[in-house]
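**Q** What shape does this take:
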Amino acid sequence: ISPNSAINEEQPTALDPESLCEQIFTPGSPVRDPRYLLGRLQELDDLQRIARRPGQHAVISGNRGVGKTSLARRFCDSFTTVAWRSCTPEDTFSSVFSDLLAQLNILENGTKLTPPRILQQLKKISDKAILVIDEFDAIQNRNGSTMAKNVSSLMKMLSDHSDATDVRLAVVGVSRTAED
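**A** Purely as a prediction, here's the structure:
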């Protein structure tokens with residue numbers, strides 16, 4: 001990449017190579033400018049294919065700092081409505097989906113959140129929507145097994161009902177494989 005091609009048009013002066021490198025290479029935080037998400041054409045193509053096919057969901061996994069969250073952000077560009085949740089060790093299925101449904105303004109207070117009930121709520125969404133669960137691996141083992149089973153069930157239900165709703169899930173987290 002040439003230094004001039006990466007300079008933001010709004011900046012009045014050119015950056016020196018070291019400053020430019022610091023602007024582009026940010027392993028501690030997601031890439032904000034899509035021009036700097038380099039070397040991920042195949043992954044982006046795969047995600048775009050998922051976005052075009054009803055009933056498909058994304059699992060983005062890999063080592064820390066490789067750009068999973070940045071890929072997920074670009075994936076979200078294909079959707080009209082986006083709800084995003086970064087997980088913590090204390091999270092449960094209910095806490096994550098309560099927040100996601102609240103972002104979509106469809107949370108019914110006092111309702112126990114199960115995959116079938118969430119599906120019924122998501123059927124209210126008429127837009128092409130994505131719910132992103134980032135840092136999925138952060139959930140502690142005692143909650144993680146139940147969380148994984150419930151998310152898997154919800155993915156299956158959403159796929160089975162893709163004629164009634166175009167809501168997708170994207171799960172992002174550190175792992176060796178999607179099965180982890």
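**Q** Off-centre distance for the lengthiest strand in the chain?
**A** When every strand of the chain is counted residue by residue (DSSP state E), the longest turns out to be strand 167-174. Offset of strand 167-174 from its chain centre (C-alpha atoms, centre = their mean, to the nearest Å): 5 Å.
**Q** partners of that strand, with directions?
**A** strand 58-62 (parallel), strand 129-134 (parallel) (DSSP bridges).
**Q** Can you tell me the centre-most residue of this structure?
**A** In the chain, the centroid-proximal residue (C-alpha atoms, centre = their mean) is V132; its distance is 3.4 Å.
**Q** and the angle from the helix ranked longest in the chain to strand 167-174?
**A** In the chain, with assignment by DSSP state H, the single longest helix is helix 141-160. Computed by axes from the mean of the first three to the mean of the last three C-alpha atoms, to 10 degrees, the angle separating helix 141-160 from strand 167-174 equals 150 degrees.
**Q** on that earlier part again, could I get the strands paired with strand 167-174 in a markdown table, plus columns for distance to Q140?
**A** C-beta coordinates here come from the backbone N, C-alpha and C atoms, glycine included. Output for the strands paired with strand 167-174, formatted as a markdown table (distance: least, C-beta to C-beta, whole Å):
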| stretch | distance to Q140 |
| --- | --- |
| strand 58-62 | 18 |
| strand 129-134 | 15 |
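**Q** Let me know which of the ones you listed is tucked in deepest.
**A** strand 129-134 (a mean of 24; mean count of other C-beta atoms under 10 Å).
**Q** Restricting to C-alpha, output that one in CSV.
**A** Written as CSV, here are the backbone C-alpha positions of strand 129-134 (Å, rounded to 0.1, in the frame of the first residue of the first chain):
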residue,chain,number,x,y,z
ALA,A,129,-31.6,-7.8,10.6
ILE,A,130,-28.4,-9.2,12.2
LEU,A,131,-27.8,-9.9,15.9
VAL,A,132,-24.1,-10.0,16.6
ILE,A,133,-22.8,-11.8,19.7
ASP,A,134,-19.2,-10.7,20.0
